[in-house]
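Peer 1: Build me a structure from this.
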Amino acid sequence: SIKNSNSIIYISYIGRPYKRKGFPFILEIFSFLKKEMPSRKIILQVIGIKRELILKKLIDKEDLNFIEVIEKTNDVFFYLRKSVITILPSIREGFGYSLLEGAASGNALITFDMIGPDSLMKNNHNGILIKYGSEPNIFANEICKLISEPEKLKFLMKNARESAKDFDKNIVLQSLRKIL
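Peer 2: Numbers count the residues shown, from 1 in each chain. Model prediction:
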């Protein structure tokens, strides 16, 4: 349960090991998050990046105890279903399919306010948009606030799942037919 402070909070990041995709920025965010909420059991699921690379980039190697590394998977939804928040700290992004996958799994979304993810994200409706270029501690503080407000988190999770339905292939194809 989200409300239970003893329960484990899973946060997911899906990406590739590129700065523009938010790596290793994600590790800095997580380090700040662990310092801000030392008594909470928070696990960061990093999907798509090799363990050796994560270990190499970690400043505090102890953080690896709270990072679940999934180098490869054919079923990203298996991991996203455990998660309550999907984060995407990219500095450049197209549409942001990892956000859509997170939303479809009922995860609240957190990303920078920028072109691309803004087509899926509605601030304080299905996630949190953070001012573009904010430092890792600011990103981490927004995650902390959300974890500390379980009712808001549940609201965002519910709305994220609903918003993902707007991207159903039949709806998208119907919209394209109208344009063409």
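Peer 1: now the strands for the protein?
Peer 2: 8-14, 41-47, 67-70, 85-88, 108-112, 127-130 (DSSP state E).
Peer 1: Point out the most buried one among those strands.
Peer 2: Comparing the strands of the chain by mean neighbour count (mean count of other Cβ atoms under 10 Å), strand 85-88 comes out on top with a mean of 28. For every residue, glycine as well, the C-beta is placed using N, CA and C.
Peer 1: That one: partners in the sheet, and parallel or antiparallel?
Peer 2: Here strand 85-88 has these sheet partners by DSSP bridges: strand 8-14 (parallel), strand 108-112 (parallel).
Peer 1: Local confidence estimate at Ser7?
Peer 2: We have a pLDDT of 87 for Ser7.
Peer 1: Double-check it against Lys41; I have them as touching.
Peer 2: Yes: at 7.0 Å, Ser7 and Lys41 qualify as touching, with contact defined as Cβ atoms under 8 Å.
Peer 1: Pro89 contacts Ala140, doesn't it?
Peer 2: No: counting by Cβ under 8 Å, Pro89 sits too far from Ala140 to count as a contact (10.1 Å).
Peer 1: Mutual contacts of these two, please.
Peer 2: Common neighbours of Pro89 and Ala140, using Cβ atoms under 8 Å, 6 or more residues apart in numbering, are Ile29.
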